[in-house]
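> Please find the sequence and the predicted model below.
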Amino acid sequence: MITRTLGNIAAMCGGELLASEAGAVDTKIAGVVTDSRKITPACLFVPLAGDNFDGHHYSAAALAAGAASTLWQRNKGPAPEGTVIVVEDTLTALQQLSAAYLNEIAPHVVAITGSNGKTTTKDIVTALLQGQYVVHKTQGNFNNHIGLPLTILAMAEDTEIIVLEMGMSSRGEIALLASLAPPDVAVITNVGESHLLQLGSREEIARAKLEIAEGLKPGGLLIYNGDEPLLAEIMLEPSFRAPEGMQTFRFGLNADNDDYPTGMMSHSGGMTFTSHLYEEHAFTLPLPGRHNVINGLAALAVARQFGVAEESIEVGLSTLKLTGMRIEVMQTASGLTLLNDAYNASPTSMKAAIDVLQSMKCSGSKIAVLGDMLELGPEEVQFHQGIGHYLDPAEIDLVFTYGTLASNIAATAKQRFGKERVFSFTDKAALTTLLLNICKPKDIVLFKASRGMKLEEVLNNLNTHYQT
Ligand SMILES: CC(=O)N[C@H]1[C@@H](OP(=O)(O)OP(=O)(O)OC[C@H]2O[C@@H](n3ccc(=O)[nH]c3=O)[C@H](O)[C@@H]2O)O[C@H](CO)[C@@H](O)[C@@H]1O[C@H](C)C(=O)N[C@@H](C)C(=O)N[C@H](CCC(=O)N[C@@H](CCC[C@@H](N)C(=O)O)C(=O)O)C(=O)O
Ligand SMILES: Nc1ncnc2c1ncn2[C@@H]1O[C@H](COP(=O)(O)OP(=O)(O)OP(=O)(O)O)[C@@H](O)[C@H]1O
Ligand SMILES: C[C@@H](N)C(=O)N[C@H](C)C(=O)O
């Protein structure tokens with residue numbers, strides 16, 4: 001994490017140091033914190049104005065709790081007692097500080113965006129690179145205008161490669177993130193439906209994702225999903241501003257890509273696959289689903305760019321530490337299998353999860369528990385109805401839905417499953433009670449919904465109950 005003197009910090013973020021004592025300019029800070037309830041010794045507190053609180057109300061408390069200094073936005077009135085760095089805008093200052101720190105450490109930058117798979121692909125890339133390099137990566141899902149700067153500022157001084165998730169829900173957001181951390185290598189995992197509400201069309205989503213390409217350093221490499229025609233089409237438009245010497249690499253299922261699977265096998269340990277560029281080696285991902293093989297191909301392309309030898313890949317994959325709740329397979333003590341895919345959902349990722357459930361061997365019942373998919377815009381009902389049609393009554397035994405939008409999944413599923421196999425809820429307690437009455441050891445239960453539904457609360461109740 002960043003350790004610099006207050007004089008350095010003021011210069012790096014364009015602030016004015018108001019020293020409360022002689023020598024304060026040489027006081028060293030250790031790390032940056034934006035929550036006064038999580039102060040660490042000698043940190044720099046950065047107050048941010050949010051939807052529910054204004055961090056400036058907590059600057060004095062932060063200093064009292066051990067922060068070495070606090071930024072202070074000029075238009076917020078008199079600064080608190082203590083050593084303060086006054087700035088025009090604290091969020092902008094946080095971003096400028098992170099860009100300056102990144103420039104000083106100067107690691108290679110790998111940036112990953114896409115509607116689905118950013119976090120998973122980031123985890124796989126990190127596993128492949130960390131055997132040869134000092135790697136720092138986005139923690140959890142810190143992928144926006146606040147999370148990315150915090151990720152950079154948490155980087156150690158000896159970092160050689162930083163792997164950054166770049167998320168968006170509007171045009172221009174990825175352009176900003178790429179300006180703070182211009183990538184050497186950029187990955188676009190796919191173009192789905194996430195944030196259609198704000199973007200309006202999949203084409204606009206694709207244009208937003210391609211901002212990461214326009215932000216590449218000269219000669220940088222764009223690794224993108226070649227199965228998505230929108231990306232190649234937009235890159236051919238005169239308005240697309242490709243950086244000088246931009247290289248490209250296409251991955252995907254189709255054989256016209258630079259790399260594609262030549263064999264895939266699903267098993268209890270995950271997915272084993274071979275690919276066009278690695279015909280001699282079968283690699284194993286400890287993750288189910290062919291969508292994760294596609295994520296794996298993107299990650300392999302990154303590793304190849306940094307000279308990771310084919311012989312090192314299997315070892316790298318064996319060190320993979322996956323962020324939870326992304327098709328995470330959980331076994332209860334009683335033998336019930338829970339597929340925890342509750343972190344987020346959009347039609348593309350929900351279909352991918354259903355594919356996993358429908359392809360699994362099961363001596364009990366296969367049960368899908370599906371919740372609302374949010375931020376899909378005016379066609380949200382149709383998207384949910386489409387999921388109802390996608391469910392195969394020959395492969396899935398019972399369907400439970402949670403949420404108002406998800407009731408459209410139930411309504412269309414009933415047409416082929418029959419009403420005795422489909423249950424619709426808007427209350428988690430009632431959903432939990434029926435699941436507890438129905439689920440038996442050997443069953444497999446998939447949980448999937450958007451983040452806002454917090455469907456893991458139901459999964460956790462089952463997990464607790466079935467531990468005996
Ligand atoms: C600003 C902030 O960090 N807020 C977090 C806070 O929210 P809360 O509502 O409680 O507080 P406020 O934001 O109103 O508070 C303002 C600040 O005041 C601080 N504070 C408050 C009380 C107090 O006593 N002392 C204080 O110091 C407070 O800490 C604030 O700094 O807590 C929530 C619960 O933990 C957090 O969720 C909330 O974080 C916000 C949402 C945030 O943006 N956090 C980033 C670090 C981040 O990266 N979060 C990611 C999610 C990112 C994401 O959604 N990505 C999208 C794509 C990008 C969309 C983009 N347009 C966008 O707007 O984000 C995606 O699809 O992936 C994460 O947490 O996973
Ligand atoms: N390539 C893919 N195609 C379809 N679904 C995917 C793909 N990769 C991951 N998923 C699914 O999408 C969901 C989110 O995965 P992950 O967190 O890796 O993506 P993300 O882009 O970081 O998501 P978010 O933007 O919601 O944070 C999970 O359900 C996961 O199983
Ligand atoms: C907040 C945004 N990153 C997100 O995850 N949206 C989903 C759809 C949600 O809020 O559930």
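Cool, got the structure. Numbering: from 1, shown residues only. Ligands and ions are numbered 1, 2, ... in the order given.
> could you point out where the stretch 201-350 of the chain is predicted with low confidence?
Across the stretch 201-350 of the chain, nothing is flagged by pLDDT under 70.
> Quick check: residues of it near ligand 3?
By the rule CB under 6 Å from any ligand atom, the part of the stretch 201-350 of the chain lying against ligand 3 is residue 344. C-beta: built from backbone N, CA, C; applies to glycine.
> can you map out the helices along the stretch 201-350 of the chain?
202-209, 211-214, 229-235, 290-305, 310-318, 347-359 (DSSP state H, counting those that start in this stretch).
> just how off-centre is the fourth one within its chain?
Looking back up the chat, that one is helix 290-305. Between the centre of helix 290-305 and the centre of its host chain there is 16 Å, according to CA atoms, centre = their mean, to the nearest Å.
> Those residues of this structure touching ligand 2, which are they?
114, 116-120, 141, 167, 189-190, 194, 291, 294-295, 326-327, 341, 343-344, 348-349, 352-353.
> Which residue is the nearest non-sequential neighbour of the residue of the stretch 51-200 of the chain found nearest ligand 2?
The minimum distance from the stretch 51-200 of the chain to ligand 2, using CB to the nearest ligand atom, falls at residue 117 (2.9 Å). Leaving aside its chain neighbours, residue 117 sits nearest to residue 189 (3.7 Å; criterion: CB to CB, 6 or more residues apart in numbering).
> count of neighbours near the one you found?
Residue 189: 27 surrounding residues under other CB atoms under 10 Å.
> residues contacting it?
112, 113, 114, 115, 116, 117, 118, 121, 225, 294, 295, 298 (CB atoms under 8 Å, 6 or more residues apart in numbering).
> Which two among those residues are spaced furthest apart?
Using CB to CB, the two most remote members of the contacts of residue 189 are 113 and 294, lying 15.1 Å apart.
> who's more crowded, these two?
residue 113 (30 against 25).
> The more buried one pairs with what?
residue 188 (DSSP bridges).
> thinking again about what came up before, wait, doesn't the residue of the stretch 51-200 of the chain closest to ligand 2 sit right on residue 188?
No. When contacts are counted by CB atoms under 8 Å, residue 117 is not listed as touching residue 188 (9.7 Å).
> Run through the residues that contact the closest residue to residue 25 other than its chain neighbours.
Counting by CB to CB, 6+ apart, residue 25 lies nearest to residue 7, which is 4.0 Å off, once chain neighbours are set aside. The contact partners of residue 7, by CB under 8 Å, 6+ apart, come to 17, 25, 26.
> Tell me the one among those residues nearest to residue 448.
residue 17 (49.7 Å).
> Pull the number of nearby residues for the nearest residue to that closest one once chain neighbours are set aside.
Excluding the flanking residues, the one nearest residue 17 by CB to CB, 6+ apart is residue 10, at 4.3 Å. The local packing of residue 10 (other CB under 10 Å) involves 23 other residues.
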